[in-house]
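1. no sequence on this one, just coordinates:
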């Protein structure tokens, strides 16, 4: 589990989804989801090793008083989600270029204009209540309510958040989310009207993706092979 999460961090940096030493990935390791791994404070995604990942307990009130305390915003967002949403085993929060550009629009929804964008049809929570940097408990609790039962959240004026059962599944969803956002931003940039699918076709397409769930594991495994060839230090 540590190796997979470290790999995801390295891959996100390679794909330019990260931002400085901010943004965070986490993975639940206990049955109830309250204990989780998280990337350490002020470590660049491209440098994180599996052994450096923090092991935290979302119910531990002394977490932020320790010398190796996590980033306050990570504790706010990931700590509250892992405390309240047991099914969100893996939580990936980043500010990738295209998805963040969409998050800055008055309408940040992902329109179904191709099969990648349709993947997220009626499956995305949208947060329109940005209150500044999310570094206090109440904001984390609010984001939990916005996420609800959905796996993805477009965080208005902020970025995106993806949850999944495993690192491989969450990473694959994040990959397709940024691809979908890129397609939509490029389509918007033409100034031409969007050819948006009907709700019926979009829903059929979104459900069609369910037959390809095994691809997420194959995709992630192939990406890890690339890391093993170029810099296997992520797994140490």
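-> That came in fine, so what should we check first? Only a predicted model underlies this, so the values are computations on that prediction, with no experimental measurement involved.

2. does the closest residue in space to residue 7 that isn't next to it in sequence belong to a helix or a strand, and which?
-> Of all residues not flanking residue 7 in the chain, residue 224 sits nearest, at 5.1 Å (C-beta to C-beta, 6 or more residues apart in numbering). Glycine gets a C-beta too; all of them are placed from N, C-alpha and C. In this assignment (DSSP states H and E), residue 224 forms part of helix 214-230.

3. Contacts for that helix, please.
-> 4, 7-8, 10-11, 166-169, 171-173, 175, 234-235 (C-beta atoms under 8 Å, 6 or more residues apart in numbering).

4. so for it, what's the average pLDDT?
-> Helix 214-230 shows a mean pLDDT of 97.

5. in the protein, which helix or strand is least confident?
-> helix 137-147 (a mean of 94; mean pLDDT, DSSP states H and E).

6. residues in contact with the residue lying closest to residue 32 once chain neighbours are set aside?
-> In this structure, residue 32 finds its nearest non-sequential neighbour in residue 86, 5.7 Å apart by C-beta to C-beta, 6+ apart. Contact analysis of residue 86 by C-beta under 8 Å, 6+ apart lists 28, 32, 33.

7. Just confirm the first one contacts residue 90, I think it does.
-> The reference is to residue 28. Yes. If you go by C-beta atoms under 8 Å, residue 28 and residue 90 touch, sitting 7.3 Å apart.

8. Check what pLDDT residue 30 gets.
-> So, for residue 30, pLDDT stands at 97.
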